[in-house]
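> predicted coordinates and the sequence they were generated for:
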Amino acid sequence: MAVKRYVIEREIPNIGATSEQDLSGAAGTSNDALAKLAPRVQWEHSYVTADKTFCVYLAEGEDAIREHAELSGFPASVITVVKTVLDPTSER
């Protein structure tokens, strides 16, 4: 199965006020779950806002992302497949 890039929106109230130490612990929890699912799902990075995170993942499909959410305990409120990446180098 081909790997696709996804953006996962996680609704986590007050996540933006979380300490660096607690965020580090959350990353560890995520990494533990990812190790169990490898190579079906990989975490690239996340953006933390006031009440949500937006996580960028590579995965075989949405099922692998849902499994990660279940194993890690982090919600996967919205899962969106990325169709293309547009950035400043996209101009031709």
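On my side now, so go ahead.
> strands of this structure, residue ranges please.
4-11, 41-48, 52-59, 78-81 (DSSP state E).
> deepest of these, which one?
Of the strands of the chain, the one with the most neighbours on average (mean count of other C-beta atoms under 10 Å) is strand 52-59, at a mean of 20. (Each C-beta comes from the backbone N, C-alpha and C, glycine too.)
> parallel or antiparallel, which strands does that one pair with?
strand 4-11 (antiparallel), strand 41-48 (antiparallel) (DSSP bridges).
> ok, which of those comes nearest Thr89?
strand 4-11 (16.9 Å; C-beta to C-beta).
> restricting to C-alpha, output that closest one in PDB.
What follows is strand 4-11, C-alpha atoms only, in PDB (Å, rounded to 0.1, in the frame of the first residue of the first chain):
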ATOM      1  CA  LYS A   4       0.200   9.100   2.100                       C
ATOM      2  CA  ARG A   5       0.700  12.300   4.100                       C
ATOM      3  CA  TYR A   6      -2.100  13.300   6.500                       C
ATOM      4  CA  VAL A   7      -2.900  16.200   8.800                       C
ATOM      5  CA  ILE A   8      -4.500  15.100  12.000                       C
ATOM      6  CA  GLU A   9      -6.500  17.600  14.000                       C
ATOM      7  CA  ARG A  10      -6.600  16.800  17.700                       C
ATOM      8  CA  GLU A  11      -8.900  18.700  20.000                       C
END
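> could you find the closest non-adjacent residue to Pro75?
Of all residues beyond its chain neighbours, the one nearest Pro75 is Arg10 (5.2 Å), with distances taken as C-beta to C-beta, 6 or more residues apart in numbering.
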